[in-house]
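Trainee: prediction below, plus the sequence it came from.
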Amino acid sequence: MIARASRSWLIAIPWGILAIGAAAIVGAASTATIGATDLGCSKTGTTGHDGFSCGDPITELVDWWPFVVMGLSLAGPPFVAAVVRRPWVSWVSVVVLAGAGVWGVGHWTSHWLTLVVGLALAILGAVVAIAHTLGLRASR
């Protein structure tokens, strides 16, 4: 029993790393400029929003809440998988991350593009979930 419990903590490490990495990526995206995500800046050099320039921080245009939502969407599932440490939770985390990534692809012309990172996180998470599932079967 002790060996199984100590091995279950091993699955929390990669999920924790994914959660921290996702939070860091969203944090970096929140410091971007409007020009980094607005297609109008690359085409015409203007944002199309009165009072905003392409060099202004993106958070002045859209506020902080989208980045909080993106942070929860990308860092939340790996965090939950790290805490719960059950194979089915690992797989649910992979599905949620993939869904967030698909949402990001569908909204690639806006600040929601950051959610595309969910696809990479889902692939890495699938590797962790496979190892989790196979490791659990091997210990039985």
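Mentor: Received it, and whenever you're ready, just let me know what you need.
Trainee: state the mean pLDDT of the longest helix anywhere in the chain.
Mentor: Longest helix in the chain, counting residues (DSSP state H): helix 2-29. The average of the pLDDT scores along helix 2-29 is 84.
Trainee: mind listing what's buried along that helix?
Mentor: 8, 11-12, 14-15, 18-19, 21-23, 25-26, 29 (16 or more other Cβ atoms under 10 Å). For glycine as for every other residue, the C-beta is placed from the backbone atoms N, C-alpha and C.
Trainee: just stretch 119-130 next, same as before
Mentor: 119, 121-122, 124-126, 128-129.
Trainee: center of this protein, which residue is that?
Mentor: residue 74 (2.5 Å; Cα atoms, centre = their mean).
Trainee: next helix or strand past the lowest-mean-pLDDT helix or strand in the chain?
Mentor: Lowest by mean pLDDT, DSSP states H and E among the helices and strands of the chain is helix 39-43, with a mean of 75. Next along the chain after helix 39-43, taking DSSP states H and E as the criterion, comes helix 58-62.
Trainee: who's in contact with that following helix?
Mentor: 29-30, 32-34, 36-37, 47, 49, 52, 67, 111 (Cβ atoms under 8 Å, 6 or more residues apart in numbering).
Trainee: could you dump that helix to PDB, C-alpha only?
Mentor: The C-alpha trace of helix 58-62 is given here as PDB (Å, rounded to 0.1, in the frame of the first residue of the first chain):
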ATOM      1  CA  ILE A  58      -4.100  44.300 -24.400                       C
ATOM      2  CA  THR A  59      -5.500  44.400 -20.900                       C
ATOM      3  CA  GLU A  60      -6.500  48.100 -21.500                       C
ATOM      4  CA  LEU A  61      -8.800  47.000 -24.300                       C
ATOM      5  CA  VAL A  62     -10.200  43.700 -23.000                       C
END
